[in-house]
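S.K.: for reference, the sequence and a predicted model appear below.
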Amino acid sequence: MIPERGTEAVLVDAGGVLLVPDPVAIRRELATLGVEPDDEMCLRAHYLSMREVDRIGRGDWPAVDRAFARAVGVADERVEDAIPFVDSIYMRDRWAPAAGAAEALVALQEAGVPLAVVSNAGGTMEEQLLAHEICSVDGTTHAQVSIVVDSDVVGVEKPDPKIFSFALDVLGIAADRCIYVGDTVVFDVVGARAAGLWPIHVDPYDLCPDRDDHPHAVSLAEVADAVLSRVR
C-alpha cells in the first residue's frame with residue numbers, strides 16, 4: 001500500500017478520513033421525510049455519495065445530495081425535498097469523529113511522522129478538529145499537526161495541486177516523500193498526484209472500481225499501521 005519513498009510525512013483529508021457526517025444530525029435533519037437511518041447506514045451513505053462524486057467526475061452537489069438521500073432510505077418521491085437537508089448536514093451541522101482516526105494520528109506522531117491536514121472545507125475545519133480533540137497545530141491531549149489547510153481559508157480547492165503547497169511548505173518535505181489520504185478519486189487521488197504526492201483512497205465499503213489505479217484502505221488506522229511498519 002505504502003510506497004517506500006512516501007513515508008516521511010502523512011497528509012490527510014478531513015471529511016471521510018478524520019470526520020464523518022454526524023448520524024444524530026442526519027436523523028434530526030431527515031426526520032420529517034420519514035427516515036431514521038442507523039449509524040452504519042449513515043456512514044455508508046457518506047461513502048456512497050463520494051462514489052457519486054467520482055462517477056460524475058466533479059462536485060455536482062445536488063446530484064450527490066440525491067445519492068446520499070437515497071442511501072439513507074429517503075423515498076424516491078421525496079428525494080428532491082431532501083436536498084436542502086442533506087446540504088445542511090454537510091455544510092452547517094458539526095461532523096463527528098471517524099472511528100480510530102484520532103488514535104491513528106497519535107500513533108504516527110509518537111513514531112515521529114510529521115502530519116498535516118489538507119481539506120476542502122467551509123472555514124471551520126481547524127476549530128472542528130480541535131473541538132473533537134482529533135488534532136491541532138499546538139497539540140495538547142491529541143495529535144499535533146504542522147498545519148490545517150482549509151480551502152475556504154486559503155482560497156484554493158482540491159484537486160488544484162496548489163492547495164497542497166501550503167502544507168508542503170510548512171513541512172519542508174518533498175511531495176514525493178509524502179502520502180495523502182482522502183476519500184475521493186476526483187478531488188483527493190487526482191489532486192495529490194498532480195501535486196506529486198502518493199495518494200491513498202479511503203474506501204471502507206469497497207465502492208471504487210479502480211482497484212488497480214491507486215492504493216485503497218478501509219480507514220486511516222490501516223494506513224497508519226502500514227506507515228509505521230515502514231518507519232520502525
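M.R.: Structure's in. What do you need?

S.K.: return the list of helices and strands in contact with the longest helix along the chain.
M.R.: With secondary structure taken from DSSP state H, the chain has its longest helix at helix 39-56. Helix 39-56 sits against strand 19-20, helix 23-30, helix 61-71, with contacts defined as 3 or more Cβ pairs under 8 Å, 6 or more residues apart in numbering; DSSP states H and E. Every residue, glycine included, has its C-beta placed from N, CA and C.

S.K.: any idea which of those gets closest to Ala226?
M.R.: Ranking the helices and strands packed on helix 39-56 by their distance to Ala226 (criterion: Cβ to Cβ) puts strand 19-20 first, at 21.3 Å.

S.K.: can you list contacts of the closest one?
M.R.: Contact with strand 19-20 is made by 42-43, 46, 95-98, 101, 128-129, 132, 134, as judged by Cβ atoms under 8 Å, 6 or more residues apart in numbering.

S.K.: mind putting the residues you listed into TSV with neighbour count?
M.R.: Listed next are the contacts of strand 19-20 as TSV, based on neighbours: other Cβ atoms under 10 Å:
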residue	neighbour count
Cys42	23
Leu43	21
His46	25
Trp95	23
Ala96	19
Pro97	17
Ala98	25
Ala101	26
Gln128	21
Leu129	29
His132	18
Ile134	23
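
S.K.: helices - which of those land there?
M.R.: Among the contacts of strand 19-20, the members found in helices (DSSP H) are 42-43, 46, 101, 128-129.

S.K.: quick one on the thing from earlier: tell me which of the helices and strands packed on helix 39-56 lies nearest to Val145.
M.R.: It's strand 19-20; of those, that one is closest to Val145 (Cβ to Cβ) at 13.8 Å.

S.K.: sorry, back to before: which outside residues touch the longest helix of the chain?
M.R.: So helix 39-56 is contacted by 16, 20-21, 23, 26-27, 37, 59-60, 63-65, 67-68, 71-73, 183-187, 203-205, 207-208 (Cβ under 8 Å, 6+ apart).

S.K.: ok, the ones in helices among the contacts of strand 19-20 vs Leu197, which is closest?
M.R.: Among those, Ala101 lies closest to Leu197 (Cβ to Cβ), at 19.1 Å.
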